[in-house]
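Trainee: Pasting the sequence and the predicted model now:
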Amino acid sequence: MALLSRPRPVATPVATPKSPESYFASISRQPFPFLLDWTDPTRPDRAWTLMGSNPIRVLISKGERVTEWRAGRARTRTGDPFAAIEKALKEHAMAPADAGEIPFAGGSVGYFGYDLGGRLERLPRESRDDRGLPDLVLAFHD
């Protein structure tokens, strides 16, 4: 079985004549855009603004229904969303040595909703779902 070759992350420092928000505006209408603005409190000289869109994979779950988007196609099945996350993380794993000092060298961006906690422990459900939002949305970027 041949080993897959994984891309290696590259970071290029650039001077930004515009604010990160104005750059983000140019990608904000693309699928699943994100903006992460981060400064290491122990090293103020290490500031990062990371942004992206058009992920290579997206996981969305609501209850037992897990939808996976890849290459413009959706596949929905019933199952454990945490098992789907584990599988996706294994497929997109990057060795820490490959990332170097880059704080985000590929991975997922998204959210785990409060109702996903019901998959981890049994609690009485005292509220109703009045928004219909997914329990989980994770967009995988390379």
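Mentor: Yep, that arrived.
Trainee: quick one: average pLDDT of the longest strand seen in the chain?
Mentor: For the chain, the strand with the greatest residue count under DSSP state E is strand 43-52. The pLDDT scores in strand 43-52 average 78.
Trainee: Pull it out as CSV, backbone CA atoms only.
Mentor: Extracted C-alpha coordinates of strand 43-52, given in CSV (Å, rounded to 0.1, in the frame of the first residue of the first chain):
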residue,chain,number,x,y,z
ARG,A,43,5.4,37.0,22.7
PRO,A,44,3.6,40.1,21.4
ASP,A,45,5.9,40.0,18.3
ARG,A,46,4.2,36.7,17.3
ALA,A,47,0.8,37.8,15.9
TRP,A,48,-1.1,35.8,13.4
THR,A,49,-4.2,36.5,11.3
LEU,A,50,-5.4,33.4,9.6
MET,A,51,-8.3,33.3,7.1
GLY,A,52,-9.6,31.0,4.5
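Trainee: chain center to that strand: distance?
Mentor: Relative to its chain's centre, strand 43-52 lies at 17 Å (CA atoms, centre = their mean, to the nearest Å).
Trainee: How about that strand, which residues are buried there?
Mentor: Neighbour counts using 16 or more other CB atoms under 10 Å place Thr49, Leu50, Met51, Gly52 of strand 43-52 among the buried residues. Placement of C-beta: from N, CA and C, glycine included.
Trainee: Over to stretch 57-74?
Mentor: By neighbour count with 16+ other CB under 10 Å, stretch 57-74 contains the buried residues Arg57, Val58, Leu59, Ile60, Ser61, Lys62, Val66, Thr67, Glu68, Trp69.
Trainee: could you measure the second one against Ala84, distance?
Mentor: The reference is to Val58. Val58 is 11 Å from Ala84, where distance means CB to CB, to the nearest Å.
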